[in-house]
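1. When you get a sec, could you give me coordinates for this:
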Amino acid sequence: MEDLFLRFTGNLFNRLDGPLHLRFILQPLMAVIFAIIDGRKDALHRKTAYLLTVVTVPEQRKELLKEGWKSFGKIFIIAVILDLVYQLKVHHTIYPGETLWVAFILAILPYVALRGLVNRITRLFKKY
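-> Just a heads-up that it's a prediction; the model follows:
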């Protein structure tokens, strides 16, 4: 288990300056753009923070996750494809767990972290 963790962290940091390293800037940037768009829409409709609602309101969870997937799903899929290309080029093998984690870090994490924050900041500065 420790070897798996060490390989994952080593490979993750090797991705930062290896081939296709520009995706570590572009994919989170795209997720941030979609989070800003969706967070502002949430503020206009006076919705509560996205992540808070997903975690605490089970009745709305499925619909919110489906709505979120529409925004970050394409970025996630592109992140998976690019990571698979990277792994084949560098390691000549595929580590599916690493691929999913990298795609999660690059696409989903920035989106989920910022959507609610943008909602709150927008509501703070605009009176609807």
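2. quick one, what contacts the most centrally placed residue in the chain?
-> For the chain, the residue nearest the mean C-alpha position is residue 108 (1.7 Å; Cα atoms, centre = their mean). Contact analysis of residue 108 by Cβ atoms under 8 Å, 6 or more residues apart in numbering lists 31, 72, 76. Any C-beta I mention is one placed from the backbone N, CA and C, and that applies to glycine too.
3. Ok, residue 109 next?
-> Contact partners of residue 109, counting by Cβ under 8 Å, 6+ apart, are residue 31.
4. Please apply the same query to residue 122.
-> Applying Cβ under 8 Å, 6+ apart, we find residue 122 in contact with 39, 40, 43, 44.
5. so the second one, which of the three states?
-> Here residue 40 is recorded as helix under DSSP: H, G, I helix; E, B strand; the rest coil.
6. just the third one next, same as before
-> When the structure is split into helix, strand and coil by three-state DSSP, residue 43 lands in helix.
7. tell me which element the residue nearest to it when sequence neighbours are not counted falls in.
-> Of all residues not flanking residue 43 in the chain, residue 122 sits nearest, at 3.7 Å (Cβ to Cβ, 6 or more residues apart in numbering). Under the criterion DSSP states H and E, the helix or strand holding residue 122 is helix 109-125.
8. buried stuff in that helix?
-> Buried positions in helix 109-125, judged by neighbour count with 16 or more other Cβ atoms under 10 Å: 110, 111, 112, 114, 115, 116, 118, 119, 122, 123.
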